[in-house]
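1. The following comprises the amino acid sequence and a computationally predicted model.
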Amino acid sequence: MRLTKPRFEPLSDAELTPEQAEALEDFRPGPVLNIFRTLARAPKALARFNAWGGYVLSRRNDLPPREREIVILRTGWLCKSGYEWTQHHRIGLREGLTAEEIERIKAGAEAGWSAADAALIRMTDELHADQFVTDAAWAELAAHFTPKQCMDAVFTAGQYTQVSMFLNTFGVQLDAGQTLDPDLKGF
């Protein structure tokens, strides 16, 4: 984690204004994660964030869930976002990644991936490094995915770069019961 404490605390239920409470309704009845309790400080932004984030995490995103999680986890790793990595480690397992594959995401495209998975990781690396995908990486991606899936891969990397940026900057801390990956301690 980049910060050991939040720059501002996630809002408790008692602190919520009616507008903030309304912005969090989509996350109920279960526990509301720290990311959303923090973003509720800007309820209009949270509502718009949920609309786009909802697309990226939905079946409207044509990238299969397992492949989407490769992009999200690689983005979180590159951004050194302990919160993002921790949340999506669990989601990645649920969507078909193995614990060993999730660990290999840290090592990059040359860590024994299929050609399609390596293409996703290379695309993510290039977007992170230069906010652009080269012709060579794009051709590799397009050899395995439809044009819409390629677009959705870029959308996913962009969304989770933004998420990682505000998680890191706001100092959003892990939710109760979660453990930070030791490789992300000290960032």
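-> Right, received. Where do you want to start?

2. Check which residues of stretch 115-125 are buried.
-> Within stretch 115-125, the residues scored as buried using 16 or more other C-beta atoms under 10 Å are 117-125. C-betas here are computed from N, CA, C, even on glycine.

3. nope, stretch 94-106 is what I was after
-> In stretch 94-106, counting by 16+ other C-beta under 10 Å, buried: 95, 97, 101-102, 104-105.

4. How about stretch 160-177?
-> Buried residues in stretch 160-177 (16+ other C-beta under 10 Å): 160-161, 163-164, 166-168, 170-173, 175.

5. From these, pick the one nearest Glu69.
-> Tyr160 (10.2 Å; C-beta to C-beta).

6. The closest one: what's it in contact with?
-> 56, 71-72, 75-76, 79, 84 (C-beta atoms under 8 Å, 6 or more residues apart in numbering).

7. So the closest residue in space to Asn168 that isn't next to it in sequence, which state does it fall into?
-> The shortest distance from Asn168 to any non-neighbouring residue, by C-beta to C-beta, 6 or more residues apart in numbering, is to Arg2 (4.6 Å). At Arg2 the chain is in coil, as set by DSSP: H, G, I helix; E, B strand; the rest coil.

8. burial count for Arg2?
-> Per other C-beta atoms under 10 Å, the neighbour tally for Arg2 reads 17.

9. Please report how far it lies from Gly186.
-> Per C-beta to C-beta, to the nearest Å, Arg2 is found 9 Å from Gly186.

10. what do you get for Val71?
-> Val71 is 25 Å from Gly186, by C-beta to C-beta.

11. now Ala14
-> Counting by C-beta to C-beta, the gap from Ala14 to Gly186 is 34 Å.

12. higher neighbour count, these two?
-> Neighbour count, other C-beta under 10 Å: between Ala14 and Gly186, Gly186 has more, with 9 against 5.

13. residues making contact with the least confident helix or strand in the chain by mean pLDDT?
-> Confidence across the helices and strands of the chain bottoms out at helix 43-56, with a mean of 92, counting by mean pLDDT, DSSP states H and E. The contact list for helix 43-56, computed with C-beta under 8 Å, 6+ apart, reads 17, 19-20, 22-24, 26, 36, 39-40, 61, 68, 152, 155-156, 159-160, 163.

14. try it again with 6 Å
-> Outside of helix 43-56, the residues within contact range by C-beta atoms under 6 Å, 6 or more residues apart in numbering are 19-20, 23, 39-40, 156, 159.

15. can you give me the helices in the protein?
-> Applying DSSP state H to the chain gives helices spanning 18-23, 34-39, 43-56, 65-78, 82-94, 99-105, 115-130, 135-142, 147-170.

16. Using neighbour counts, pick out the buried residues of the fourth one.
-> Looking back up the chat, that one is helix 65-78. Buried, per 16+ other C-beta under 10 Å, within helix 65-78: 65, 67-78.
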